[in-house]
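K.L.:
I need the structure of the sequence given here:
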Amino acid sequence: MMTSLNESNMTPTQKFKFLFESLYKLCENEKWGDPMSYARSREILIAGTLGHKIADTLSGADAIDEDGECEYKSTISTSINGSY
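P.N.:
So this is what the prediction gives:
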């Protein structure tokens, strides 16, 4: 595994590999779970942006704030389609 990022000397594939491995290592160290499992990476990103604590489990609440459990919804579609 590469130990530092020097973009000027990396192919796109090497850069992807470095970032991918770095992301997994960070999530493992923080006990956030698999960042590629469902929308976990989005939950981590949103929780960090909002200052929430990332939930310890992949089921149930996505994060915790001062009022309690938070459930995030996101989409990559051009329109929202669904219910909760």
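K.L.:
quick one: average pLDDT of the longest helix that the chain contains?
P.N.:
What stands out as the longest helix in the chain, according to DSSP state H, is helix 12-30. Confidence for helix 12-30, expressed as mean pLDDT, is 95.
K.L.:
let me know the secondary structure of the residue positioned nearest the centre of the chain.
P.N.:
In the chain, the centroid-proximal residue (C-alpha atoms, centre = their mean) is residue 41; its distance is 1.9 Å. When classified by DSSP: H, G, I helix; E, B strand; the rest coil, residue 41 comes out as helix.
K.L.:
wait, what's in contact with it?
P.N.:
Shown in contact with residue 41 (C-beta atoms under 8 Å, 6 or more residues apart in numbering): 23, 35. For every residue, glycine as well, the C-beta is placed using N, CA and C.
K.L.:
if you set the cut-off to 6 Å instead, what comes out?
P.N.:
residue 35 (C-beta atoms under 6 Å, 6 or more residues apart in numbering).
K.L.:
going forward, count from 13.
P.N.:
Right, with 13 as the first residue, what we last looked at is residue 53.
K.L.:
can you pull the pLDDT of it?
P.N.:
90.
K.L.:
swap in the one 3 residues further on?
P.N.:
The pLDDT attached to residue 56 in the predicted structure is 93.
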